[in-house]
Every structure is written in structure tokens, then in C-alpha cells.
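S.K.: Quick one, structure for this:
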Amino acid sequence: MTRSTTPRPRAAAEGPAQPDGSPWPVPPPGGYRLDDLLRLDLPARAELMDGSLVLPVPQQEFHSVTADLLRHALHEAAPAGLRVRRQTAVVLSEHTAPVPDLIVVRTDGTGDPDADLDPDRRSCPPDDVVLAVEVVSPDSRERDRETKPFKYARARIPHYWRVEMSGPDNLPAVHTYALDVLTFCYVPTGVHQERLRVGVPFPLTVDLTEIERM
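M.R.: Coordinates of the predicted model:
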């Protein structure tokens, strides 16, 4: 008899129940894998981190509006051969596939400007990613400040932006980083408040105060 090699979540036989009375799922031996992330009926933006599933909490207005503002600006400024995507898992390993708030990706793994991406694509390799953006929420501070940038840098993603609420008006502050190709660590390149102006990965200017009018 052939046994399936795909780990499946197991129901706990005993122990605390969920509010609806069903048992909490128990991770498979060795933790969850990429197949589980893509196969299971999970909320949008569920992530796989070191074999554990990280389920999203409802986003605050700051988070969703800031992500929308940056997505539109990146889309308008991106040159041929690059696309902006949301809710796309970046597959760093069989047990780790974070979902950045935004990524800028090459149209294919070779950077062919005439190629296009499948709009239904749910994951991509880190080699396709030129920029990862995380908008920090109260539940994601440690991941966005420490865990994810470490993993993105080790995966050699060239640019990382971390966006935090800042100042008395709760406007976005964009912390920009570039990859040091000798150490494969990120080095800070700026903190942008009120106006984001960068030259890499392509020229872009964004009025960050625009979220007050969105």
C-alpha cells in the first residue's frame, strides 16, 4: 500500500476545543510544508514560517490604506519587466513562505521584459523578487523588524522597505534597506517621512501624506 508523503493536519484527540466545539488542529510531524500552505483552506495572507502557520488578523485602516497607496505608486512607476503583487508567498524553503504586503517581481525568472506573470500565481521564488515591503501592524512588529528582513536578506532579495506609523498625525514612515552583497545583510539607506523619494530599485516619489485623503 502506498502511503501519502504529504503532511496533513491532525485533529487533537483531546484538549481545549475551538469556540465552535471542534478540536484545534495539530501540526503534522516535522511541521507544515509549502504543499499545506497552498492546499489548505486558509485565510488570505496566511504565511508559513519555519514549519508553523501564521494566520492574519484583521488589518487596521492604516495598514490597508498605506499598502494601497504604495501599491498604486509602485505600479505607476515600475519600468517594463517589473510588476507589483500582493498576497503572493515568497518561497524561501519547503517550510518557510512569508507573504509580504507588497512585492515587486520580475515578469519571469530571467527578467524578460516581454514576459508576463500569471495573475493567479500564489507563490514565487526569491530570485524573482527585487523589493519586499512590509507594513508593520501591532501583531507583526517582531516579524517585520527582525525575522523577515533576516530571511529576505539571506534569500538575496535586493531591497526591503519597512513601513511604520509615525508622528502625531500617524503618517507612514518608510525605512528603506539595500542588500550588502558581501555579508548578505540589509544596510539602512534612509527613513522617509511625509515624502518617499528613492532611486532604487527604480525612481519613485510618493506623497505619504496622501493617506489622509484616502
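
S.K.: top helix in this structure by residue count?
M.R.: When the chain is parsed with DSSP state H, its longest helix is helix 61-77.

S.K.: Measure how far that helix is from the centre of its chain, please.
M.R.: Helix 61-77 sits 14 Å away from the centroid of its parent chain (Cα atoms, centre = their mean, to the nearest Å).

S.K.: Run through the residues that contact the residue lying closest to Lys148 once chain neighbours are set aside.
M.R.: Nearest residue to Lys148, sequence neighbours excluded (Cβ to Cβ, 6 or more residues apart in numbering): Pro98, at 5.7 Å. Using the backbone N, CA and C atoms, a C-beta is placed for each residue, glycine as well. Contact analysis of Pro98 by Cβ atoms under 8 Å, 6 or more residues apart in numbering lists 47-49, 89-90, 92, 143, 148, 151-152.

S.K.: Looking at those, which are in strands?
M.R.: With DSSP state E as the criterion, strands contain 47-49, 89-90 from among those.

S.K.: Put together TSV for those, with pLDDT and neighbour count on each row.
M.R.: TSV is the format used below for these (pLDDT from 0 to 100; neighbours: other Cβ atoms under 10 Å):
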residue	pLDDT	neighbour count
Glu47	97	21
Leu48	97	27
Met49	97	18
Ala89	96	22
Val90	98	25
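
S.K.: Where does pLDDT dip in this structure?
M.R.: Scanning the chain for pLDDT under 70 picks out the ranges 1-18, 24-25, 108-120.

S.K.: what sits against the residue nearest to the spatial centre of it?
M.R.: Central residue of the chain (Cα atoms, centre = their mean): Pro100, 0.8 Å from the mean position. Taking Cβ under 8 Å, 6+ apart, we find Pro100 in contact with 88, 90, 132-134, 148.

S.K.: now swap in Thr96 and tell me
M.R.: Contacts for Thr96 (Cβ under 8 Å, 6+ apart) come out as 48-51, 151.

S.K.: Then Glu164?
M.R.: Glu164 sits in contact with 136, 172-173, 175, where contact means Cβ under 8 Å, 6+ apart.

S.K.: now swap in Arg195 and tell me
M.R.: The contact partners of Arg195, by Cβ under 8 Å, 6+ apart, come to 205-208.

S.K.: What's the separation between it and Arg162?
M.R.: Arg195 sits 17 Å away from Arg162 when distances are taken as Cβ to Cβ, to the nearest Å.

S.K.: and stretch 124-132, C-alpha only, in CSV?
M.R.: The C-alpha coordinates for stretch 124-132 follow below in CSV (Å, rounded to 0.1, in the frame of the first residue of the first chain):
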residue,chain,number,x,y,z
CYS,A,124,7.2,32.9,-6.4
PRO,A,125,10.9,32.2,-5.7
PRO,A,126,13.0,34.9,-4.1
ASP,A,127,15.1,35.2,-7.2
ASP,A,128,12.2,36.9,-8.9
VAL,A,129,11.7,39.5,-6.2
VAL,A,130,13.6,42.8,-6.3
LEU,A,131,11.7,44.5,-3.5
ALA,A,132,9.7,43.3,-0.5
